[in-house]
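Q: model the following, please.
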Amino acid sequence: MLVPRVLPPIDTLPVLLYPPSYLDGWALMHLLELLLRLLRPQRRRIALLFTVIFFATLVEVVLFPALVGALFNLFEPKQIALRTWMTAYPVFVHAAAWLNGLFQGPVETRVRVLAVIIAVTLVIAVVRSTLAYSRDYLGQYVGGRALVDLRLQLFERLQRLSLTFFESQRVGDLMSRLTTDVALVQQLITADMTNYVAAPPIIVMGLAVMLVLNWKLTLFIVFFAPLTAYVISRTGRRIGRLTRSQQERIADINARLHERLASIRVIQSFAREGYEIEQFRGLNESSFDAVMRVARVSALAPQAIQFVSTAAFAIAAAYAGVLIVKGQLNVSSLMFYFAVTQRVGVYFVKFGALNLRAHQSLAALGRVAEVIAREPHVRERPDARPLPPVEGHVSLRDVSFNYGDGDAVLTNVDLEVAPGEVVALVGPSGAGKTSLANLIMRFYDPNQGRVEVDRYDVRDVTLHSLRSQIGLVPQETILFGGSIKDNILYGRFGASDDEVVEAARAANAHEFIANLPQGYDTEVGERGVKLSGGQRQRIAIARAVLKDPRVLILDEATNALDAESEALVQDALDRLMKGRTTLVIAHRLSTIRRAHRILVLSDGQIVEQGTHQELMAREGRYARLYRSYGEAEASPG
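A: Modelled structure (predicted):
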């Protein structure tokens, strides 16, 4: 896909901005923009960090090498000769005269100078350590803060994306982006960021000092720079491609693990353990191969950079030897020069290695940015207003809907539900029952028509104000890890203990909760696995009771329960429905018969509606469905 040549804000980037196999220049610019946005709140600390880096660079490439040169000048005193352009400045002339007086004085004077140099060296060592500590700490703080913000942005975006997005994604892949990809980004903006920022000024300032000291030697070394830059650029791009492939293999493993562990009962019931182990073995080996491809390039590239740097240093040293033999260079000047060269060389090699890791991190950041750049399919309008407390009137006006490019799920549906009315939706699978309920919750928007609550178009009000007044009790009850009390409180944070207990009583849950060893503080386990299906469902109902919604949607809430549990849950639902507008998606006869009105859906349209008695008297689709439900309920098991 072509990348747009206009740079929009990062939160409106196209979903497929980042190509699957590489990052081109424009995508890289977007990622750098994202990094800058993450770092912007830390701009004061970043300014302080750059100040510290500046002074640390002075110490690294000027003061310490100068002290090395001074020490060798004491042992082999030579006249300090100024370059022609320096003689025009009195400060250089006086400084040279003073230094020559020190270095060429009697032995006693030079010993005292040696003691001063050693003392100054110790002081500078303390300053250097302090600056290095400050640099590393500030870098970790700035990077760590940016990482926290990045992880929060990613989680926040996932929370606000529409169901359409999650239906096309694997949970394991999203988990991989939240964990392994973010961990690779962490490598860039915490551990490596300080050195990545510090290396260029040290290299630039060091080269400037080297040019001043001996431009001929410096040209020998700089001659190898393009080759090193080529190695860094070429291997960096390859590392980026391989890292993305590696992260995708890890995402495959996470997705398979999540799916298979959640379905372990099915796997064991079909005796497919061996098959699953072999399938996982293949994914595991594929991931290992991807990791080793990255490892090969990561191991080879720094050695290539090191070799080029060593070759440059060796050739420069050989040329320096020629200059010394000819008397054009003294040992003290050479030691000063090589001390600077050593620091520049160390940071040049380090910068090359950092650049490789930066490509790894940017590849991972690209996968994270793909999610952050996603826009919800269902979005609030800029002028959306809060929905006031509603009575519970629900309307669908000429509503048509389909998922993506699929066939129509609902076609020209008109529906009016009065406040307090209980309406049952029945029909075969795929008739559009759940889709109709999802439109009322505004999990999706219709392709045509309007969905209204108390005459307000749901697209004109805020999502929070709409959904906070609608309660949903699904067939598959989802409880969160934590206590029973925590799960009930999810319906309304801040409710008192008495209100929690009252909600549990209304849901026929208080008795079994009170009999548990830790009562309401009992841990339910992941997804409520420590409780039975009926117990989980009653806790979900208690959660809905505490929320106290005006509109209630029951999506086959008793479909998977045994007779005893169903009776308790149905009794709780009867109390919950009292006085509330309720849409019931149900197969159970008991639930259908309690409805004020029954709608029969088929192929996305309402084909029949009326009371149970009216529909049975017509001997139409409802009567046939009802009898089929009755036969299913009456059958053994």
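Q: every contact and neighbour count from this point should use C-alpha atoms.
A: Will do.
Q: just the strands from this structure, written as ranges.
A: 394-402, 408-417, 422-426, 448-453, 456-457, 470-473, 551-555, 581-585, 597-602, 605-610 (DSSP state E).
Q: residue 128 is nearest to which of the ones you listed?
A: Residue 128 lies closest, by Cα to Cα, to one member of these: strand 470-473, at 62.6 Å.
Q: pairing partners for that closest one, with directions?
A: Using DSSP bridges, the strands paired with strand 470-473 are strand 551-555 (parallel).
Q: next one: the strand it pairs with to chain centre, how far?
A: Strand 551-555 sits 33 Å away from the centroid of its parent chain (Cα atoms, centre = their mean, to the nearest Å).
Q: that one vs strand 394-402, what angle?
A: Angle between the axes of strand 551-555 and strand 394-402 is 40 degrees (criterion: axes from the mean of the first three to the mean of the last three Cα atoms, to 10 degrees).
Q: would you put the C-alpha positions of strand 551-555 in CSV?
A: Taking Å, rounded to 0.1, in the frame of the first residue of the first chain, the C-alpha atoms of strand 551-555 are listed here in CSV:
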residue,chain,number,x,y,z
VAL,A,551,-33.6,-0.6,29.4
LEU,A,552,-32.6,-4.3,29.8
ILE,A,553,-31.3,-6.7,27.2
LEU,A,554,-31.3,-10.4,28.1
ASP,A,555,-29.4,-12.5,25.5
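Q: the nearest residue to residue 53 once chain neighbours are set aside: neighbour count?
A: Nearest-residue entry for residue 53: residue 198, 6.0 Å, with adjacent residues in sequence omitted and distances by Cα to Cα, 6 or more residues apart in numbering. As a burial measure, residue 198 scores 21 neighbours (other Cα atoms under 10 Å).
Q: doesn't residue 51 make contact with residue 198?
A: No: judged on Cα atoms under 8 Å, residue 198 makes no contact with residue 51 at a distance of 10.7 Å.
Q: rewinding a little: so what pLDDT did the residue nearest to residue 53 get?
A: pLDDT for residue 198: 71.
Q: coming back round to it: between the strands of the chain, which gets nearest to residue 33?
A: Proximity to residue 33 (Cα to Cα) singles out strand 394-402 among the strands of the chain, at 36.8 Å.
Q: how far off strand 605-610 does the closest one point, in degrees?
A: Using the same axes, to 10 degrees: strand 394-402 against strand 605-610 is 150 degrees.
Q: run through who's touching strand 394-402.
A: Strand 394-402 has contacts (Cα atoms under 8 Å, 6 or more residues apart in numbering) with 408-419, 445-455.
Q: burial check on the residue lying closest to residue 42 once chain neighbours are set aside, number of neighbours?
A: Leaving aside its sequence neighbours, residue 42 sits nearest to residue 142 (Cα to Cα, 6+ apart; 6.3 Å). Residues near residue 142, counting by other Cα under 10 Å, number 25.
Q: which ones are touching residue 142?
A: Shown in contact with residue 142 (Cα under 8 Å, 6+ apart): 39, 42, 45, 46, 189, 190.
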